[in-house]
Structure formats: structure tokens, C-alpha cells
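Q: what follows is a predicted structure for the sequence shown.
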Amino acid sequence: GNSVTQMEGPVTLSEEAFLTINCTYTATGYPSLFWYVQYPGEGLQLLLKATKADDKGSNKGFEATYRKETTSFHLEKGSVQVSDSAVYFCALLPSARQLTFGSGTQLTVLP
Amino acid sequence: GAVVSQHPSRVICKSGTSVKIECRSLDFQATTMFWYRQFPKKSLMLMATSNEGSKATYEQGVEKDKFLINHASLTLSTLTVTSAHPEDSSFYICSASTGVKPEAFFGQGTRLTVV
């Protein structure tokens, strides 16, 4: 079956630190991969996506590369801000069109 | 980008009453809508998948008589929590898909509190 394994949180960083949140997946076929962000009390917002191997998704300084050989889609940002504090979810969408989510990683950025 | 509107954002109801949550795709036709439940500090749990004009498909362990889902049009799906109990208190989130592009768009979520 399909599954997403995401780095356990919570993660606490100082402003301007480098961020990596690991995500690996198990899936049949060629799923699309996503990172969603959830701010407190809100729904999910799409942060970035990649639909095929070696694609790099990027948005708001965040990046993730679809690595089929390592079945990974790690989220990175070179310099985090306080406003990046949120919960981040890695997800995959196989051809069945039903998202499978990771467990979420809480990020707190301190000024 | 595609917008999904979920209403209400917060609702408090008495135990034993029913609550309806609406999920609307504002600028696209959603052939498929998904309903999730999120417990505090937990990931999203898929409750059911609904396709326009047909019965919803519920995940194992989700009571379909308690969580009624209707997807009457390509832009609207509703989730009704019937005879609500305090343990139904949770954050409910809907998402919508066109079925064409590999992407799902999420509503803002509804915080349900049953007292």
C-alpha cells in the first residue's frame, strides 16, 4: 500500500537557521508528491509539489526534490523566519486520487 | 489558484443535536471531495470520499449513519454529524479535486465542539 514517513517533531530553530524536514514514501506506480503547511487553527495550504522524478518544487524559499531512487521528498529552506512556524505535512497522491499524509512535523522558529 | 470554502469555521453544539458542514469549490468543478478529521497534534484521518451524484465511500471504522455525506453538485459537498457527542469534537477538513490534475485543494477547516 501507500505510505508516507515523515520526520518526527517538534522541530525548534532560531531565525535564519537552515531547515530540513525528511520525508520518505512507499507507493506503487508514480505518485505526485506534496508538502502542505497548516498554520494554527487553519486548514491546509499547498506549499509545493512535484509530479515526476527529479522535479523540484519550490515556493516561498522552500524547496523539495522528488528522488525516486531514494523514495524521498525532503523539505528544505535556507533561512527560516518566525512566520514559518507551522505544521508541515508531506503527502503523496497516487493514481487513485486519494492523498496519503505523513504524520506532520511541528516547526517553531524563535526570534 | 483554486479556492475551496468551508463553512462554518467554528461551531459549538449541544450533545444530541446535528451539525452540517459545507464545502464549496468556488472557481472549479470538483468531481471528488474528501472529508478528513484531525485530532489535536495528529495528522489527517480520511473519513470518506464522495463523488458527485453517487454515494460516499467511507473508510473503515467511520460510521456512515453518523457522518452523513452528500455531494449533490459539482461545487458542493456537505458533512452532517448526527446526534453529536462530545467525542465527535474535532477539526474537520474538506478537500476537493478536479480529477484531472494531480492535486487537491483544501478548505479552511471547521472546529466542532460538542458540549
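A: The structure has been received and is ready for your questions.
Q: for chain A, what are the nearby residues on chain B?
A: B:6, B:32, B:34, B:41-44, B:46, B:49, B:93, B:95, B:97, B:99, B:102-109, B:111 (C-beta under 8 Å from any C-beta of the partner chain). All C-beta atoms are positioned from the backbone trio N, CA, C, and that covers glycine.
Q: how about residue 43, what does it touch?
A: No chain specified, so I'll use chain A. For residue A:43, the contacting residues are B:6, B:93, B:106-109, by C-beta atoms under 8 Å, 6 or more residues apart in numbering or on different chains.
Q: correction: the question concerned chain B.
A: Applying C-beta under 8 Å, 6+ apart, we find residue B:43 in contact with A:89, A:101-104.
Q: cool, residue B:42 as well?
A: Shown in contact with residue B:42 (C-beta under 8 Å, 6+ apart): A:103-104.
Q: likewise residue B:67?
A: By C-beta under 8 Å, 6+ apart, the residues touching residue B:67 are B:35, B:47-48, B:58, B:79-82.
Q: quickly find the element holding residue B:20.
A: Element membership for residue B:20, per DSSP states H and E: strand B:19-25.
Q: what is the helix or strand that that strand is followed by packed up against?
A: Using DSSP H and E, the helix or strand that follows strand B:19-25 towards the C-terminus is strand B:32-38. Strand B:32-38 makes packing contacts with strand B:19-25, strand B:44-51, strand B:67-73, strand B:76-81, strand B:90-97 when contacts are defined by 3 or more C-beta pairs under 8 Å, 6 or more residues apart in numbering or on different chains; DSSP states H and E.
Q: report the beta-bridge partners for the residue nearest to residue B:59 when sequence neighbours are not counted.
A: Excluding the flanking residues, the one nearest residue B:59 by C-beta to C-beta, 6 or more residues apart in numbering or on different chains is residue B:46, at 5.4 Å. In this entry, residue B:46 is beta-bridged to residue B:36, by DSSP bridges.
Q: can you check residue B:77 too?
A: Counting by DSSP bridges, residue B:77 forms beta bridges with residue B:23.
Q: who's in contact with it?
A: Contact partners of residue B:77, counting by C-beta under 8 Å, 6+ apart, are B:22-23, B:30, B:33, B:35, B:50, B:69-71, B:94, B:96.
Q: returning to that earlier point: would you mark the buried spots in the strand holding residue B:20?
A: For strand B:19-25, burial by neighbour count (16 or more other C-beta atoms under 10 Å in any protein chain shown) applies to B:19, B:21-25.
Q: same for it, what does it pack against?
A: Against strand B:19-25 (3+ C-beta pairs under 8 Å, 6+ apart) you get strand B:4-7, strand B:10-13, strand B:32-38, strand B:76-81, strand B:90-97, strand B:110-114.
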